[in-house]
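In: Provide a 3D model corresponding to the input given below.
(chains A and B)
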Number of protein chains: 2
Amino acid sequence: MSLGALPGFRDFYPADLAERAHIFATWRDVARRYGFVEYDGPPLEPLDLYTRKSGDEIVGQLYNFTDKGGRDVALRPEMTPTLARMVAARANAQRKPVRWFSIPQLFRYERQQRGRLREHFQLNLDIIGESGVTADAELLAAAVDIMRAFGLGPADVVARVSDRRLLQAYLAAAGVPEPALPAVFAVIDKIDRQPATVSAEKLDALGVGPGARDAVLAIGSATWAAISAVLAGAGHAGLVADFERYLRALDALGAGAFVRVDLSVVRGLAYYTGIVFELFDAKGELRAICGGGRYDTLLKSLGGVDLPALGFGMGDVVLGELLRSRGLTTWQSSGIDVWVAIGDAGDVTDAMRVAARLRARGRSVEYSLGGQKLARQLKAANAAGAREAVILGAPGAASGEAVVRRLDDGTEQRVRLDAWIGDATPPASNHQPPATT
Amino acid sequence: MSLGALPGFRDFYPADLAERAHIFATWRDVARRYGFVEYDGPPLEPLDLYTRKSGDEIVGQLYNFTDKGGRDVALRPEMTPTLARMVAARANAQRKPVRWFSIPQLFRYERQQRGRLREHFQLNLDIIGESGVTADAELLAAAVDIMRAFGLGPADVVARVSDRRLLQAYLAAAGVPEPALPAVFAVIDKIDRQPATVSAEKLDALGVGPGARDAVLAIGSATWAAISAVLAGAGHAGLVADFERYLRALDALGAGAFVRVDLSVVRGLAYYTGIVFELFDAKGELRAICGGGRYDTLLKSLGGVDLPALGFGMGDVVLGELLRSRGLTTWQSSGIDVWVAIGDAGDVTDAMRVAARLRARGRSVEYSLGGQKLARQLKAANAAGAREAVILGAPGAASGEAVVRRLDDGTEQRVRLDAWIGDATPPASNHQPPATT
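Out: Predicted coordinates for the structure are as follows:
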């Protein structure tokens, strides 16, 4: 038997799953606070759901095949087409704006690079049916509050915000010829990843004059004050006012300290129509944590409904790397609550009865399934991470008495068993809050 | 755009997802109380992981294909092979017994019957490394406590328990010829689903004499007292004593009221080696809710480690049907906590500031993203299921004052806004408990 998973796929042993569960729980909690409700779709979808949006080139990156019924199908590489399909199918039944989130596992057959995964989980959070910048601010504020919920502050994470329309107007005002704009966007998209001389040569080749070229090369460090002055002077006061309402809304929602205007954020995906953003670790060591923005024309172009929309995706992999690098590993398994042990005078059915009563009170409980000496039982209790052991039938114990041993320091006390079980307060919540509240 | 999912696949709209989340949360909570920790594996695995266990015939029921690297792969139809692979890869690093659970989505390409799904979620809960009946009792007690946690009692659910070794000894004692045993098992497996005359004819054809035939036909209603008397008389006192320890352990664990010995439970899967069980709705209207048992030789035969093991699978589909039929629909979405509305004198940035403060206290909060009149905002609040609305800038409100309106009965009170926000107690737990505790 091959003992490994397929290349690019992860096994989640309990310690790995605990990290994943912590990430999912935090995502769900912030989404709930913002009034988003959870949905999900199938991990397998018709292939044309993806080729319609991205063209046939995407097929080379998909896990696609023909099923036994002759259907061309693919493991989902992204969630937006499924979201578009589901919203379109019940567009009239949903209250607007739709505020939905999902945590799909996504799959891409990428030519294997070292350590590059072929699956990951991604929080998708979308607002559908609202065109104003208030919704854009609400979306980014949710992403920022997720960072906060993980213990990450403005010193750890930067939210770079941009708007394709602002960028276009700014470049035009700086003298970039209109026909060169798409190619210039592509240069800007790579500006952080290639030497400035390379970018400059490309701009020269596109016919961008020296003044405009310098403006393009400096675009990542242009302040909003400078940008807005150029735009206002070029007759774009409306665009400026709209974006300033967006920035004020981010302040009001408590996200302002994380935000930096950076028109060099173009986003690779071609379908964004307005404000876009990306979250990065402040040290710039990792790939983007999260990216999203407004895609007002996408739902219609997919053949669905004509509704404005915006959303972001946040994967579990880069986020996990960042949390580990910052020591924010609060997900570590905390072990069980109580180990029920039996001394020489005890019987395993007594342990079972006590375990059943404690479990009914919400406690996490184990006991030795095989008959073992007390010392070995206590060793197993330690290995299980139990906080305390209750020892039944300990030497010299009176009827109805037990010994409770704290496993961190070994201190013991005699207790009346019934009273002690009765005191076993259930945890604050046995259940996770429902995913939709 | 086709608006539907593939045949046999489910879209989970928020109301559907809320049911699923309730089922998953209950599974996780009971597993935690029993000291089980969560793991997961990839939904896509090498094809031979499944053909090694089930032979090439299983390929006809799989979603299998050749990936772009030329690997034969399949969407997982069951979890046990992945569990076997993962445990074998790190057998020495795990404390024994291994108590693990997982909630995989599983896939089978079944010839489509009306309403038959091609995917479902299944709780898999397994104990590895313990051979005694105490572990068997612990396993079934966990399944029974899951029923209880859903609000299902012994009047709703029956746990039918059996043991292949007992059945074999009982049939031999009743006079079934040894060579006919496998074929007789197959008859018993179908005994509830075909007329008694058909079963009787099949037994006749197998050379089972009239006395033995009647014993086989009545096997489902034979009491443990009658069975154990026959077995003890035939020299199987050891088997009887072991099974009685199992039954006593189930009593001690509080599961006894659900349990009925029923040797007609054979379980279709050939790999069980000892005690097996199935949970059924007491009315007998649905397919099995859960099935499992001991499979001591499977891990080794899969090429993994030689460890005794036992486990069960519990799907989300039949369970969901049962919960709905009993009206146990506690998962229904409960709506948001607070809608922040603004009167004529209010400003949307004020609403944002209040929303941010309430969300920071764990409350679930929305406000109108588009500028709307107060009456429409309150209508939206109702549609969102908000429990209360706080109205800022209401007519005649003094500075720092707001009106809080209960949306169930429309009663209103004036409050000091800061004090009211300060009183917004966070919910008992913002986070679901970690999946592994």
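In: Would you mind listing what in the stretch 151-300 of chain A touches chain B?
Out: A:Arg248, A:Ala249, A:Ala252, A:Leu253, A:Gly254 (C-beta under 8 Å from any C-beta of the partner chain). Placement of C-beta: from N, CA and C, glycine included.
In: roughly how far apart are A:Gly291 and A:Met86?
Out: A:Gly291 sits 22 Å away from A:Met86, going by C-beta to C-beta, to the nearest Å.
In: Point out where the stretch 1-150 of chain A drops to low pLDDT.
Out: The stretch 1-150 of chain A contains residues with pLDDT under 70 at A:1, A:112-115.
In: Please, where are all the helices along it?
Out: A:14-33, A:48-54, A:80-89, A:133-149 (DSSP state H, counting those that start in this stretch).
In: so how far is A:Gly151 from A:Thr330?
Out: 8 Å.
In: A:Lys379 too?
Out: 35 Å.
In: With A:Asp48 instead?
Out: In terms of C-beta to C-beta, A:Asp48 sits 43 Å off from A:Gly151.
In: all strands for the stretch 201-350 of chain A, in order.
Out: All strands of the stretch 201-350 of chain A, identified by DSSP state E, counting those that start in this stretch, fall at A:259-261, A:275-281, A:290-294, A:309-315, A:338-342.
In: Most tightly packed of the ones you listed?
Out: Among the strands of the stretch 201-350 of chain A, strand A:338-342 has the highest mean neighbour count (mean count of other C-beta atoms under 10 Å in any protein chain shown), at a mean of 27.
In: and that one, what's its mean pLDDT?
Out: Mean pLDDT, strand A:338-342: 96.
In: returning to what we had before: would you mind putting the residues of the stretch 151-300 of chain A next to chain B into CSV with neighbour count and pLDDT alongside?
Out: As requested, these are arranged in CSV below (neighbours: other C-beta atoms under 10 Å in any protein chain shown; pLDDT from 0 to 100):
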residue, neighbour count, pLDDT
A:Arg248, 16, 97
A:Ala249, 24, 96
A:Ala252, 22, 96
A:Leu253, 24, 96
A:Gly254, 19, 96
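In: out of those, who's nearest A:Arg52?
Out: A:Ala249 (33.9 Å; C-beta to C-beta).
In: does that closest one really touch A:Leu139, like I thought?
Out: No. Contact criterion C-beta atoms under 8 Å: A:Ala249 and A:Leu139 do not qualify, at 10.6 Å.
In: Check which helices and strands whichever strand or helix holds A:Phe185 sits against.
Out: Element membership of A:Phe185, judged by DSSP states H and E, is helix A:181-189. Here helix A:181-189 touches helix A:164-173, helix A:196-205, helix A:210-217, going by 3 or more C-beta pairs under 8 Å, 6 or more residues apart in numbering or on different chains; DSSP states H and E.
In: any idea of the angle that helix forms with helix A:164-173?
Out: Interaxial angle of helix A:181-189 relative to helix A:164-173 (axes from the mean of the first three to the mean of the last three C-alpha atoms, to 10 degrees): 110 degrees.
In: residues of helix A:181-189 that come out buried?
Out: A:Ala183, A:Val184, A:Phe185, A:Val187, A:Ile188 (16 or more other C-beta atoms under 10 Å in any protein chain shown).
In: which residues are contacting it?
Out: A:167-168, A:171-172, A:176, A:199, A:202-203, A:206, A:208, A:216, A:219, A:263-264, A:266-268 (C-beta atoms under 8 Å, 6 or more residues apart in numbering or on different chains).
In: pLDDT averaged over that helix - what is it?
Out: On average, helix A:181-189 scores 89.
In: CA atoms only: put it into CSV for me.
Out: The C-alpha coordinates for helix A:181-189 follow below in CSV (Å, rounded to 0.1, in the frame of the first residue of the first chain):
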residue,chain,number,x,y,z
LEU,A,181,-3.8,50.9,-21.3
PRO,A,182,-4.5,47.2,-21.2
ALA,A,183,-0.8,46.4,-21.8
VAL,A,184,0.2,49.0,-19.2
PHE,A,185,-2.1,47.3,-16.7
ALA,A,186,-0.2,44.1,-17.4
VAL,A,187,3.1,45.8,-16.7
ILE,A,188,1.7,47.3,-13.4
ASP,A,189,0.4,43.9,-12.4
